[in-house]
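Participant: compute the structure for the input listed below.
(2 chains)
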Amino acid sequence: MKKLTVIAIAMMWSVSSMAQDNAITKYFSKYVADTSFTKVTVTSKMFSLFTEIEGEDEAEKEVLEALSKLKGIKVLRSENPTNPKSLYMGAVGTIDKDSSYEELMSVEDGDENVKFLIRDKGSIINELLMVVGGKEEFIIMSLFGEIDLKQIAKLSKVMKMKGMNHLKVLDSDDE
Amino acid sequence: MNRIFKGHSLIYSALYKRGRVCLLMALFIIIAQGSQAQCDIITDLKKDKLTELSLYFYPSTLRMANLDKNEEFNRLIQDIKKLVFYRMNGKFEMIDLYNIYQELQSNDFEEYVVVDGPKQKFYLLGREKPTETIGLALIEGQYYIFDIAGSLEVKEIPKLYKYISQNDSTFKNKFSQLLDLAAVGQNMAENNHR
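Facilitator: All right, here's what the predicted structure looks like:
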């Protein structure tokens, strides 16, 4: 029964990740079958619901517009892994081999390392990738679709995802 | 002439009566279909005796649950026609949850959000016509299913979440209140049964 369940999870994940071009699908599918990882997927359908909403003020309209252009989010998270640092180094090493990813920002302190990378086509950013390696956890998050760099900081406030708070520095309105 | 008139009158009267019966039947069918607006895959779980607790909320009962009279909460629920909440019993297993998930997808439900972790699982699926949102969850070894007929004001969810987290020590605390509500419902059901 447990085997069946694992197969069912893997099938569901592979179906939902079909035709989605992002780093998690490309490089980190090995973690999908690992039951110690938490996998989060938010689909384009969820974001398309935001297109039907009218914002109350200009700031809200901007955030809703930015959200409606997203195609999805995928997150892999491991709490209390045996060696979070090696997971972080391994993930960063894998992404570094792909020349289509460009480093946007990195934060390194004693407690955690955070790296943000982007993949673009012309002037449009197709993917924002975040890798977090803390003392007790490891996170990879891929945000894909059409991403406006000016809106990233505003999106990070809405999402309240660990590590995303570092992107606040990109918000020109906060200056 | 009179005979012909009487004959016509009888025919018209019979047609009128038959028409009324047909109209009533049509109305009955429409009402019956309307009451089946919620997905059979979920409502059948109760028939299959896989539920431990069933709660049904309507617009009036949902407004009553908003004890703090929070406006965001009211906006969130304003277009909900019916909310079904099931706590599943011990016969319900992980494979049943996956089967429901796949059955929903083959019935035009689309995946909105998936959270698949070692301790908890949550699947949110929806369809547009008729508007329906279904959530399947595993929290601390207990399976929950909710089915919302009508639309959910998506924009209000973050505001509601913010409101809850600011006014409560933790979101979990509020969620446990919902589970307490479920327990109250169960006690009421048991007392009624006795």
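Participant: when you work out contacts or count neighbours from here on, use the C-alpha atoms and nothing else.
Facilitator: OK.
Participant: so the closest residue in space to B:Asp79 that isn't next to it in sequence versus B:Ile95, what's the distance?
Facilitator: Nearest in space to B:Asp79, with sequence neighbours left out and distances taken as C-alpha to C-alpha, 6 or more residues apart in numbering or on different chains, is B:Ser151 at 5.3 Å. According to C-alpha to C-alpha, to the nearest Å, B:Ser151 and B:Ile95 sit 29 Å apart.
Participant: ranges for the helices of the chain?
Facilitator: I'll assume chain A. In chain A, the helices defined using DSSP state H lie at A:2-16, A:23-27, A:44-48, A:58-68, A:84-96, A:149-159.
Participant: oops, I was thinking of chain B
Facilitator: B:2-35, B:40-47, B:59-65, B:71-77, B:94-105, B:156-167, B:171-193.
Participant: comparing these, which yields the minimum mean pLDDT?
Facilitator: Taking the average pLDDT of each of the helices of chain B, the minimum falls on helix B:171-193, with a mean of 43.
Participant: can you tell me which residues in chain B are near chain A?
Facilitator: When proximity is defined by C-alpha under 8 Å from any C-alpha of the partner chain, chain B lies next to chain A at B:94-95, B:98, B:110-118, B:154-155, B:158.
Participant: in stretch A:85-105, what's buried?
Facilitator: Of all the residues in stretch A:85-105, those buried under the rule 16 or more other C-alpha atoms under 10 Å in any protein chain shown are A:85, A:87-88, A:91-92, A:95, A:101-102.
Participant: list the contacts of the closest residue to chain B within chain A.
Facilitator: The nearest approach of chain A to chain B comes at A:Thr38, 3.8 Å away (C-alpha to the nearest C-alpha). By C-alpha atoms under 8 Å, 6 or more residues apart in numbering or on different chains, the residues touching A:Thr38 are A:75-78, B:115-118.
Participant: so which of those belong to strands?
Facilitator: Within the contacts of A:Thr38, membership in strands is found for A:75-78, B:115-116, as judged by DSSP state E.
Participant: pick the one among the residues you listed closest to B:Gln78.
Facilitator: Distance ranking of the ones in strands among the contacts of A:Thr38 against B:Gln78, using C-alpha to C-alpha, places B:Val115 first at 26.7 Å.
Participant: list the beta-bridge partners for the closest one.
Facilitator: Beta-bridge pairing for B:Val115 (DSSP bridges): A:Val40, B:Phe122.
Participant: tell me, how many residues neighbour it?
Facilitator: Using other C-alpha atoms under 10 Å in any protein chain shown as the criterion, B:Val115 is surrounded by 18 other residues.
Participant: same check on A:Val75?
Facilitator: For A:Val75, the tally of surrounding residues (other C-alpha under 10 Å) stands at 20.
Participant: ok, and the closest non-adjacent residue to it?
Facilitator: Ranked by C-alpha to C-alpha, 6+ apart and with sequence neighbours excluded, the top spatial neighbour of A:Val75 is A:Met141, at 4.4 Å.
Participant: you'd agree A:Gln151 is up against A:Lys61?
Facilitator: No: under the criterion of C-alpha atoms under 8 Å, A:Gln151 is not in contact with A:Lys61, lying 11.3 Å apart.
Participant: quick one, which of these two is more surrounded?
Facilitator: In terms of neighbours (other C-alpha under 10 Å), A:Gln151 is the more surrounded of A:Gln151 and A:Lys61; the figures are 17 against 14.
Participant: from A:Ala23, how far out is that one?
Facilitator: With distances defined as C-alpha to C-alpha, the gap from A:Gln151 to A:Ala23 amounts to 21 Å.
Participant: also B:Val113?
Facilitator: Using C-alpha to C-alpha, one obtains 19 Å as the distance from B:Val113 to A:Ala23.
Participant: likewise B:Ile134?
Facilitator: B:Ile134 sits 29 Å away from A:Ala23, going by C-alpha to C-alpha.
Participant: got the CA positions of stretch A:94-106 in CSV?
Facilitator: In CSV, the C-alpha atoms belonging to stretch A:94-106 read as follows (Å, rounded to 0.1, in the frame of the first residue of the first chain):
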residue,chain,number,x,y,z
THR,A,94,23.7,22.2,-10.2
ILE,A,95,22.2,25.6,-11.2
ASP,A,96,25.6,27.1,-11.8
LYS,A,97,26.2,24.6,-14.6
ASP,A,98,23.2,26.0,-16.4
SER,A,99,24.3,29.2,-18.2
SER,A,100,20.7,30.4,-18.7
TYR,A,101,20.5,31.3,-15.0
GLU,A,102,22.0,34.6,-13.9
GLU,A,103,22.6,35.5,-10.2
LEU,A,104,20.3,38.3,-9.0
MET,A,105,21.3,38.5,-5.4
SER,A,106,22.9,36.5,-2.6
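Participant: I would like the residues contacting it, please.
Facilitator: Residues from elsewhere that reach stretch A:94-106, judged by C-alpha under 8 Å, 6+ apart: A:23, A:27, A:113-120.
Participant: and for stretch B:135-142?
Facilitator: Counting contacts by C-alpha under 8 Å, 6+ apart, the residues outside stretch B:135-142 that touch it are B:87-88, B:97, B:119-125, B:143-147.
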